[in-house]
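Colleague: Predicted coordinates and the sequence they were generated for:
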Amino acid sequence: MDKKLQELEKILGKHRMRVDEPMSAHTTFKIGGPAQYYLDVATIDDLVKAVAAAKKLNLSVFIFGGGSNVIVADSGIRGLVIKNNCRRFEMASMTGKIKNRQLNVDRALVYAESGVIMNQLVRFTIDQGLSGLEYQLGLPGTVGGAVYMNSNFPKKDAYVGDSLYRAKLLAKDGTIHEVDNSYFHFAYDKSILQETGEILLSAVFRLDKEDKKLLWERGTEALKYRDSTQPKGASAGCTFRNISIVDAMAIPTPQRITSAGYLIDKAGLKGKRIGDAMISTMHANFILNMGQARAQDVLTLVELIKSEVNKKFRAPLHLEVKTVGF
Ligand SMILES: Cc1cc2nc3c(=O)[nH]c(=O)nc-3n(C[C@H](O)[C@H](O)[C@H](O)COP(=O)(O)OP(=O)(O)OC[C@H]3O[C@@H](n4cnc5c(N)ncnc54)[C@H](O)[C@@H]3O)c2cc1C
């Protein structure tokens, strides 16, 4: 009998752990080998407890939300994989002026656990007439993944980090601390969590009062844009980060376009396929799993793209998706 499994069950409860759980069942790419130990958590206390248990047993931890931005190795992930299903969110507070015995809200704080589905949170905030997250309508995944990646709607320069006010983090040493927006050093596709390895437990977003109809219009615009520019099918979203404006000027691209998809397209790679991994013909920065693609097929395609784009434009491309288990 597996000793670590016994210990995990002792701490976290019997029959909760899954052993050798195929990660392909939990990623939007439908790719990924087995997680050595896999656990669903639905409360923050449980999440913290699971991380502490892994630490005690010298197991590495990988936490994921929607699995919409990861490539998991074919050989899988060693250690404990935690699926974050902590989905509580609520209005935390409101400020405004009393007029005719009615509170005219001008700002509100909304609390969300890190496993909350972004789309649910966005819909809730729009429905409350609160502005800040509306352009994230149609963004797959959870609050945790969105903060970790500082996910965005680039057409409007709208980032999830823009409206983050406060957050609770679990540090690697097991301590929990509260931080404000400046802690995250948000940048394009980046937050400090990618360096520190801290886990986002919960977040508070600061949102401004806005006309609900206008918010739905903005949200719908973003949703339609995503729908019309992103291919359907199994993928992990954009594969590469866009290039810098300096690189775009040096190439130069028309209108200084920084889109990695544009470069991949111009390198003639749309539709290129390795195994069942194929560069989308609709949006060249998306790699699609056409059936039984392996992570290795995707990575071979990634290397090919990097080399062809570099040959043609002398522009290095960097992965946006996160790789795990390699
Ligand atoms: C069809 C499609 C469309 C997409 N469109 C967009 C788009 O318009 N804009 C955009 O920016 N992105 C887009 N993406 C990428 C992706 O959806 C986002 O990056 C999303 O925010 C990731 O969230 P997730 O919960 O799925 O993260 P996951 O894939 O589960 O995890 C991503 C990374 O975040 C880490 N992480 C997750 N939760 C936590 C936590 N609580 N604490 C610390 N680290 C954590 C994971 O360990 C992992 O390294 C798209 C993806 C797909 C498949």
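Modeller: Perfect, thanks for sending it.

Colleague: Report the contact partners of residue 306.
Modeller: Listed by C-beta atoms under 8 Å, 6 or more residues apart in numbering, the contact partners of residue 306 are 316-317. All C-beta spots, glycine's among them, are computed from the backbone N, C-alpha and C.

Colleague: touching the ligand at all, the helix or strand that contains it?
Modeller: For residue 306, the element it lies in under DSSP states H and E is helix 295-313. No: residues of helix 295-313 contacting the ligand under C-beta under 6 Å from any ligand atom: none, with a closest distance of 13.2 Å.

Colleague: Those residues of the stretch 101-250 of the chain touching the ligand, which are they?
Modeller: 114, 139-142, 144-146, 148-149, 151-153, 193, 199-200, 226, 230, 235-237.

Colleague: mind listing which of the residues you listed are in helices?
Modeller: Mapping those onto helices (DSSP state H) picks out 144-146, 148-149, 193, 226.

Colleague: In a markdown table, list those along with pLDDT.
Modeller: As requested, these are exported to a markdown table (pLDDT from 0 to 100):
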| residue | pLDDT |
| --- | --- |
| 144 | 98 |
| 145 | 98 |
| 146 | 98 |
| 148 | 98 |
| 149 | 98 |
| 193 | 98 |
| 226 | 96 |
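
Colleague: Which one (most neighbours) among those?
Modeller: With neighbours taken as other C-beta atoms under 10 Å, the top of those is residue 146, carrying 31 neighbours.

Colleague: mind listing what's buried in the helix holding residue 306?
Modeller: Within helix 295-313, the residues that count as buried by 16 or more other C-beta atoms under 10 Å are 295-299, 301-302, 305-306, 308-309, 313.

Colleague: same deal with stretch 258-268?
Modeller: Per 16+ other C-beta under 10 Å, stretch 258-268 contains these buried residues: 258-267.

Colleague: Could you export these as CSV, including distance to residue 48, pLDDT and secondary structure?
Modeller: Below are these laid out as CSV (distance: C-beta to C-beta, whole Å; pLDDT from 0 to 100; DSSP: H, G, I helix; E, B strand; the rest coil):
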residue, distance to residue 48, pLDDT, secondary structure
258, 39, 93, coil
259, 40, 95, coil
260, 37, 97, helix
261, 39, 97, helix
262, 43, 96, helix
263, 43, 97, helix
264, 41, 98, helix
265, 45, 97, helix
266, 48, 96, helix
267, 46, 97, coil
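
Colleague: Put together TSV for those, with distance to the ligand on each row.
Modeller: Shown next, in TSV, are the buried residues of stretch 258-268 (distance: C-beta to the nearest ligand atom, whole Å):
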residue	distance to the ligand
258	15
259	13
260	13
261	12
262	16
263	19
264	16
265	18
266	22
267	22
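
Colleague: wait, which of the residues you listed is closest to residue 319?
Modeller: Of all those, the one with the least separation from residue 319 (C-beta to C-beta) is residue 260, at 10.1 Å.

Colleague: Go through the buried residues of helix 295-313 and name the one nearest the ligand.
Modeller: Lowest distance from the ligand to the buried residues of helix 295-313 (C-beta to the nearest ligand atom) belongs to residue 298, with 13.2 Å.

Colleague: if I read this right, that closest one contacts residue 71, doesn't it?
Modeller: Yes: Residue 298 lies in contact with residue 71 (C-beta atoms under 8 Å); the separation is 5.8 Å.

Colleague: list residues touching both of those two?
Modeller: Common contacts of residue 298 and residue 71, defined by C-beta under 8 Å, 6+ apart, comprise 29, 31.

Colleague: Using PDB, list the CA coordinates for the one helix or strand residue 39 maps to.
Modeller: Counting by DSSP H and E, the element that carries residue 39 is strand 34-41. The C-alpha trace of strand 34-41 is given here as PDB (Å, rounded to 0.1, in the frame of the first residue of the first chain):
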ATOM      1  CA  PRO A  34      -1.900  11.100 -14.800                       C
ATOM      2  CA  ALA A  35      -1.700  13.200 -11.700                       C
ATOM      3  CA  GLN A  36       0.000  11.100  -9.000                       C
ATOM      4  CA  TYR A  37      -2.500  12.200  -6.400                       C
ATOM      5  CA  TYR A  38      -5.500  14.400  -7.300                       C
ATOM      6  CA  LEU A  39      -7.900  16.200  -4.900                       C
ATOM      7  CA  ASP A  40     -11.000  18.300  -5.400                       C
ATOM      8  CA  VAL A  41     -11.300  21.100  -2.800                       C
END
